[in-house]
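> Generate a structure from the sequence data that follows.
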Amino acid sequence: MAVGDLYNIVVNQSLASQDVQNSYFYEQTVAASSGTAVDAVASAFATDVLPSLSAVQSTSLGYETLYITNLDNPAEFGLVPFVGFGSVASESLPPFAAWGFQYVRTTRAVHNGSKRIGGIPESMQIDGSPTTAADLLLIAAANALGGSMTDPVSAATFVPKIYHRPTIAHPAPARYPVAFVVRTGITTQNTRKFGHGS
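Numbers count the residues shown, from 1 in each chain. The predicted model follows:
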């Protein structure tokens, strides 16, 4: 675990007997005073990011594990059990319905990033648009996604990144800063529709 290392966090969830995954990338900016990389990243994410996401998710959605990988150090990885649920006592929209968030880029060298967060509570939308109360919570979630996160135990700090995966045209992976994150309303995730994915 070192300043400058890039971590991938895969959040494994379950909704209506379907697997729901979200993947995040964070770069370490402040060294840890103690502990392991996996514990520091998991603790920071659980402290500074997940509560804001849970606040806009139905109790029908359950969190199961965080799979954390240091992309700069093959020896640092781990699966962290994380038992929890969305915070809103309401029926959920179908698994393919999702809150949309856009990671705004700082350079034209990469596209904007995006996240689709499942488990939309029925009570937080009207005719396909967020309620006023939901919109305030979505703004808070966007701020949490776009801000730094800190492990309260080790003081290790991490900032979000847009990650460009290797392709034939661009074989070298790259990471880019995030200017800020905005909510984009209700959208869909096709891989969560019946007949797609697991």
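> Let's check: the centremost residue of the chain is which one?
Centre of the chain computed as the mean C-alpha position; nearest residue by Cα atoms, centre = their mean is Tyr24, 4.9 Å away.
> can you tell me which residues contact that one?
Asn8, Ile9, Val11, Phe45, Val49, Lys115, Leu145, Pro160 (Cβ atoms under 8 Å, 6 or more residues apart in numbering). Every C-beta, even on glycine, is put in place using the N, C-alpha and C of the backbone.
> Just send those back as TSV, with pLDDT, distance to Ala172 and neighbour count too.
Shown next, in TSV, are those (pLDDT from 0 to 100; distance: Cβ to Cβ, whole Å; neighbours: other Cβ atoms under 10 Å):
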residue	pLDDT	distance to Ala172	neighbour count
Asn8	97	17	17
Ile9	98	22	21
Val11	97	27	21
Phe45	97	27	23
Val49	97	28	21
Lys115	96	24	21
Leu145	98	26	25
Pro160	98	21	23
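> Now, those residues that are in helices?
Phe45, Leu145 (DSSP state H).
> ranges for the strands of the chain?
Counting by DSSP state E, the chain has strands at residues 6-15, 18-30, 62-70, 77-85, 97-105, 113-118, 125-126, 129-130, 149-150, 157-164, 174-188.
> Convert the C-alpha atoms of the fourth one to CSV, please.
What follows is strand 77-85, C-alpha atoms only, in CSV (Å, rounded to 0.1, in the frame of the first residue of the first chain):
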residue,chain,number,x,y,z
PHE,A,77,-6.3,-8.0,-3.0
GLY,A,78,-9.1,-9.4,-0.9
LEU,A,79,-12.7,-10.1,-0.5
VAL,A,80,-14.3,-8.3,2.4
PRO,A,81,-17.7,-9.5,3.7
PHE,A,82,-20.1,-6.6,4.0
VAL,A,83,-23.6,-7.4,5.2
GLY,A,84,-26.0,-4.5,4.9
PHE,A,85,-29.1,-3.2,3.1
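> how far out from the middle of the chain is it?
14 Å (Cα atoms, centre = their mean, to the nearest Å).
> That one: which residues count as buried?
Gly78, Val80, Phe82, Phe85 (16 or more other Cβ atoms under 10 Å).
> Flag whichever of those scores worst on pLDDT.
Taken together, these show their lowest pLDDT at Phe82, with 88.
> My guess is it contacts Tyr63. True?
Yes - contact criterion Cβ atoms under 8 Å: Phe82 and Tyr63 qualify, at 5.1 Å.
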